[in-house]
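Peer 1: here is a sequence with its predicted model. Questions after.
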Amino acid sequence: MLYERWQKVVQERQNEIAMRDLASGQSWTFAQLHDEGEKPLPQTPAMIQPQGNSPEFIITVLRAWRARIVVCPLEAHHQSLAALPPRLPGCHLKTTPASTGVPRAVCFTPEQLAADAENIVATMGLRPDWPNLGVISLAYSYGFSSLVLPLLLHGIPLFLVPSPLPVALRCAAHAHWNLTVAAVPALWHAWHKAGAILSNVRLAISAGAPLPLTLERAVFADHGVKIHNFYGSTECGGIAYDASPTPRENESFVGRPLKNVSVEIGGNGALLVRSRAVGETYWPAPEPALAGGVFHTCDLAEIKAGEIFLHGRTDDHINVAGRKVSPTMIEQALREHAAVAECVVFGVPSGSADRMDLIVACVAVDRPSTKEELKQFLLQKLPGWQVPREWWFITSISSNGTGNPSRAKWRRDFLENRAKPGVAV
């Protein structure tokens, strides 16, 4: 089904540029890319696991589609799956981080993959004359759905960039008159700080982590570029998109549901997603959260006049003297401070008899700042009991590979460093 869709795209656009590798300068028309896809794979395994951000990734996917081989893109930090699910209901697997460290995957049918791409292209208005700039991982669910599938199923050209560094981004300034750029907040921040945001960006998209309002407003003020917030999940693809032409007023607002996607609030306050793009099941262990075309997220949300607002996760709340606080709300407030480049907030055991948590803020700053300065800033926005007691200033905050910092990782690192003699955190 997917390869047949690709062949129709080739018939319509065969002599147009489909893909360009800005590192080598090589380009492929749709007909030339089709010819590459017609070549057999060196071997015929039951599953292929393409990696990297190269033309070979796209070509390998095409050859696997043609041979009806299961595709399971892998990011560099993910482990290979040891075996295929029995009686696999489809041809595609997306890996998703697991807190236990055991790799698991989400199974998708061809129809579900195609539905996700259709929802994204229709909602965002992706256009063949505004090529996608490939700066995020093609193996990442966000990258596969936003870059690979629009190319192969809708004829949206893809220009691959050798690196997401600002100097590499500047090399794309003359790649095309109009560009669509999908990235994560950390990249938009780095590009803005380096003055590398291109004047030929016609559509700017951010996903993978909360988009700070301060960054969104700064980029709009300095470059006239509106960064559109995109909210999705590995299990169901795109969920919501902010299509407004100007910066948001509320950082918790993530957009309206994509076309053909319906949402509601479940009994625990978390968002439920229904669409033809929702995956089949988890592997190796199915879970009730993903079944029958419905995905039960862990994102606490509210829906007002069709707009979705997120207020943290069901599994992240911090217990402070019997009261629950969402670390997301504290992070959103912290990001409004001009010195804060990125932050992640979590709770750690206080050691007291009542088993309450201490709130910890791990902060990366763009300019010198102190915990007292940041505490006073937060006291203007939050109740005193929600202001972090512990502060950890670090150079940068790495992510889990998707652009979203892992609270579990930073909590573990904080506790390990605090236990070391002579180490101040």
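Peer 2: Received the coordinates, thanks.

Peer 1: who touches stretch 58-65?
Peer 2: Where contact means Cβ atoms under 8 Å, 6 or more residues apart in numbering, the residues beyond stretch 58-65 that reach it are 2-3, 6, 19, 33-34, 36-37, 39-41, 48, 50, 69-71, 73, 91, 138, 148, 151-152, 158. (Glycine included, C-beta is placed from N, CA and C.)

Peer 1: quick one: distance of that stretch to the chain centre.
Peer 2: Centre-to-centre, stretch 58-65 and its host chain are 23 Å apart (Cα atoms, centre = their mean, to the nearest Å).

Peer 1: quick check: longest helix in the protein by residues?
Peer 2: Longest helix in the chain, counting residues (DSSP state H): helix 110-124.

Peer 1: so for that helix, what gets flagged as buried?
Peer 2: 110, 112-121, 123-124 (16 or more other Cβ atoms under 10 Å).

Peer 1: and it, how far from the chain's centre?
Peer 2: On Cα atoms, centre = their mean, the centre of helix 110-124 falls 16 Å from that of its chain.

Peer 1: could I have it exported to PDB, CA atoms only?
Peer 2: Coordinates of each C-alpha in helix 110-124 appear next as PDB, following Å, rounded to 0.1, in the frame of the first residue of the first chain:
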ATOM      1  CA  PRO A 110       0.500   1.000   6.500                       C
ATOM      2  CA  GLU A 111      -2.900   2.700   6.800                       C
ATOM      3  CA  GLN A 112      -2.100   4.200  10.200                       C
ATOM      4  CA  LEU A 113       1.200   5.600   8.900                       C
ATOM      5  CA  ALA A 114      -0.500   7.100   5.900                       C
ATOM      6  CA  ALA A 115      -3.300   8.600   8.000                       C
ATOM      7  CA  ASP A 116      -0.700  10.400  10.200                       C
ATOM      8  CA  ALA A 117       1.000  11.900   7.200                       C
ATOM      9  CA  GLU A 118      -2.300  13.000   5.700                       C
ATOM     10  CA  ASN A 119      -3.300  14.700   9.000                       C
ATOM     11  CA  ILE A 120       0.000  16.500   9.300                       C
ATOM     12  CA  VAL A 121       0.100  17.700   5.600                       C
ATOM     13  CA  ALA A 122      -3.500  18.800   5.600                       C
ATOM     14  CA  THR A 123      -3.300  20.600   9.000                       C
ATOM     15  CA  MET A 124       0.100  22.300   8.500                       C
END
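
Peer 1: and it, what does it pack against?
Peer 2: helix 2-13, helix 149-154, strand 237-241 (3 or more Cβ pairs under 8 Å, 6 or more residues apart in numbering; DSSP states H and E).

Peer 1: relative orientation of the last one and helix 110-124 in degrees?
Peer 2: Spelled out, that is strand 237-241. Strand 237-241 and helix 110-124 are oriented at 20 degrees to each other (axes from the mean of the first three to the mean of the last three Cα atoms, to 10 degrees).
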